Structures are given as structure tokens and as C-alpha cells.
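A.B. asks: one predicted model, sequence on top.
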Amino acid sequence: MASSDDRLGRDAIDVLQTVKNLASHGVKVIVLQLGTTDLTGPAGKLLLSMLAAVAEMERDLLIERTQAGLARAKAEGKKLGRPARTTPKQRAEILRRLGAGESVSELARVYSISRASINSMRNQHSA
């Protein structure tokens, strides 16, 4: 009976890293479905080389799909990144209070955001 625990990894990259790690500890990895092929022997190394090529292709495809998705989202006018922790009204109030001389540290404590966020707001406003 197969379970999710009968695999070496979730994808080619993961399997490759697991086999290399096991081989570095002197563990032979035998694939019974390939006629007891030892992945640490010559035939197994060839198999791992092909697996490495597949892993590289998987990485490249993942990057390609991610970039295409980001480009599509931008083209649709979607805002990317983490949502702001402050509302536009709060940001205006922070800028007003900065202008009135309140410290960055105090405003960061009051609004539960970082000093860097306050400074970023100030820099964006003055730009």
C-alpha cells in the first residue's frame, strides 16, 4: 500500500538533494522498480544526472510561470506585495504629526508599525 511517506522527495530537486545527502553518509540508495539500481553506482549516477536536468528544467519553468503571473497581475492593475498596515487616513495623520514635531519612535509605537515604515512614509511624501 503506497502512502505519502514512500517517496524520497516531493519533486526532482528534493529527491536529488536527498540522494546526494544519503550518499555522502555512505548510504546506498536502491530503486527496486529499476531492477535494484543503486543510485550511488555508475548507472545510478547517470540516472541522477538525468534527474538533475529535470530538476533544473522544473526550476526554470517555475521561474518562468512566476514571472508570467506577476506580469499578468501588473497588467491587470493588481497591487503586488504585502498589504499596508495603515490606512490612507492614518498615513495622512502620521505625516501631519511628524510635521508637528512628534518623534518617529513615538509614532511607530502608537500605530504599531516599524520606524522604517514611518521613515518610508516621510520619504515618499517628500519625494
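C.D. replies: Cool, the structure landed.

A.B. asks: strands along this structure, start to end?
C.D. replies: Using DSSP state E, the strands of the chain run over 30-31, 37-38.

A.B. asks: show me the contact partners of the first one.
C.D. replies: Translated: strand 30-31. Applying C-beta atoms under 8 Å, 6 or more residues apart in numbering, the contact partners of strand 30-31 are 36, 37, 38, 39, 44, 47. For every residue, glycine as well, the C-beta is placed using N, CA and C.

A.B. asks: if I look at the residue located most distally from the centre of the chain, how far off is residue 111?
C.D. replies: Most distant residue from the mean C-alpha position of the chain: residue 100, 40.8 Å away (C-alpha atoms, centre = their mean). Note on residue 100: its distance to residue 111, by C-beta to C-beta, to the nearest Å, is 15 Å.

A.B. asks: tell me the domain ranges of the chain?
C.D. replies: By the record's domain assignment, the chain is partitioned as 12-75, 88-126 (automatic domain parsing).

A.B. asks: just give me the lowest mean pLDDT stretch among those.
C.D. replies: Comparing mean pLDDT across these, the lowest value falls on domain 12-75: a mean of 85.

A.B. asks: burial count for residue 85?
C.D. replies: Residue 85 has 11 neighbours, counted by other C-beta atoms under 10 Å.

A.B. asks: rewinding a little: ok, and the most crowded of the contacts of strand 30-31?
C.D. replies: residue 39 (24 neighbours).

A.B. asks: correct me if wrong: that one contacts residue 21.
C.D. replies: No: with contact defined as C-beta atoms under 8 Å, residue 39 does not reach residue 21; the gap is 11.9 Å.
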